[in-house]
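>>> here you go, sequence then predicted model.
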Amino acid sequence: MLCRWLSVRLESLGNFIIFFAALFAVLQRETLSPGLVGLSISYALEVTQVLNWLVRMSSSLETDIVAVERIQEYTHIAQVGFKELVLALGYIYKTLFFNVPFGII
């Protein structure tokens, strides 16, 4: 849903840029060469694709940065000692094989 909303907004912005480039070309038709008009309109047509690419790359960069932040946080978590691990595994063993109900360790 958000992707469609953003896509519609970017397409609208690109269409406004194309419209104003074409309007400027029509208003200045006596002073501008046809090659320059064609070049400006073709560049204006590429604006929508560039905007979509920029948004896609910025969201990908944000995702990658979040992954790095998570790894950094995981490296600072205190490790469980061997004694706590043995107690937890013993509790799970008793619960599974001797029908002791689950509870807080």
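The structure has been received and is ready for your questions.
>>> contacts and neighbour counts: CA atoms only from here.
Fine.
>>> okay, now the unreliable bits of this protein?
1-3, 80, 99-105 (pLDDT under 70).
>>> report the central residue of it.
residue 59 (2.2 Å; C-alpha atoms, centre = their mean).
>>> I'd like to know which elements the host helix or strand of that residue is packed against.
Using DSSP states H and E, residue 59 maps to helix 34-75. Contact partners of helix 34-75 among helices and strands, from 3 or more C-alpha pairs under 8 Å, 6 or more residues apart in numbering; DSSP states H and E: helix 2-27.
>>> list the buried residues for the helix it packs on?
In terms of neighbour count (16 or more other C-alpha atoms under 10 Å), helix 2-27 has its buried residues at 7, 10-11, 14-15, 17-18, 21-22, 25.
>>> just those residues now: which is nearest residue 79?
Ranked by distance to residue 79 (C-alpha to C-alpha), the buried residues of helix 2-27 are led by residue 7 at 45.0 Å.
>>> rewinding a little: how near is the residue nearest to the centre of the chain to residue 95?
45 Å (C-alpha to C-alpha, to the nearest Å).
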